[in-house]
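Student: kindly return the folded structure for what I paste below:
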Amino acid sequence: MKSKLFSLIIIALISTITTAQTKVGTINSDYIANLMPEAKRILELTQSYGARLDSSFAIKMKNYQEKVATFKKNEATMVETLRKETIKELLTLEEDLKKYQSNGNKLMQLKQNELKRPLYRKLNEAISEIAKSNGYTQILTTTGNQFMYIDERYDITKLVMEKLGVKAPEEPKSESKK
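Tutor: Numbers count the residues shown, from 1 in each chain. Below you'll find the predicted structure:
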């Protein structure tokens, strides 16, 4: 009796294991994101934002350079206390410029992330729909990972591109060498 019960449990476990198999797909989401129509507009807006930050930085840099030039011109005739105050002011301005530049880089990244959020939301929705409709349990991105082998049959990049209406650029036709 115990052996029959044990056999039934083993059979139940084996059938559960065989039906609970995973199906893993891969995708090059960065490739698709860069081909989506929204990507061009995001690039334009990011460049425009960067230009505004650069312009503001250039004004601050010009102001700093003018003060340095004035200091160098008048340094020999300055009273010691004024010279020390001016050096301190210039060092503070230089530190502010470094902070502004560092913050500018962070602001650029934040702006780019903000602009890309709707694009990636749309992409992720398409990936989810494709994964569900094709029975995938997991989708891995091919970028940034160290895959030794990927079976192209499980790459859903083209399916997602079709879903989003994104077309791949045509590959240049290679001329045969004689």
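
Student: hey, which helix or strand in this structure has the poorest pLDDT?
Tutor: Taking mean pLDDT, DSSP states H and E as the measure, the chain has helix 2-19 as its least confident helix or strand, at a mean of 58.

Student: now do the helices in this protein.
Tutor: Using DSSP state H, the helices found in the chain span residues 2-19, 29-35, 37-74, 80-133, 157-164.

Student: show me what counts as buried in the second one.
Tutor: When burial is assessed from 16 or more other C-beta atoms under 10 Å, helix 29-35 yields the following buried residues: 29, 32, 33. C-beta: built from backbone N, CA, C; applies to glycine.

Student: any idea how far the residue nearest the centre of the chain is from residue 107?
Tutor: For the chain, the residue nearest the mean C-alpha position is residue 113 (7.3 Å; C-alpha atoms, centre = their mean). Distance from residue 113 to residue 107, counting by C-beta to C-beta, to the nearest Å: 11 Å.

Student: ditto for residue 116
Tutor: 15 Å.

Student: just residue 164 next, same as before
Tutor: 29 Å.

Student: neighbour count: these two, which is higher?
Tutor: A direct count of neighbours by other C-beta atoms under 10 Å for residue 164 and residue 107 places residue 164 higher, at 21 against 14.

Student: need the contact list for the more buried one.
Tutor: Taking C-beta atoms under 8 Å, 6 or more residues apart in numbering, we find residue 164 in contact with 32, 36, 122, 123, 126.

Student: residues contacting the nearest residue to residue 126 once chain neighbours are set aside?
Tutor: Spatial nearest neighbour of residue 126, chain neighbours left out: residue 163 (4.4 Å); criterion: C-beta to C-beta, 6 or more residues apart in numbering. Shown in contact with residue 163 (C-beta under 8 Å, 6+ apart): 126, 129, 130.
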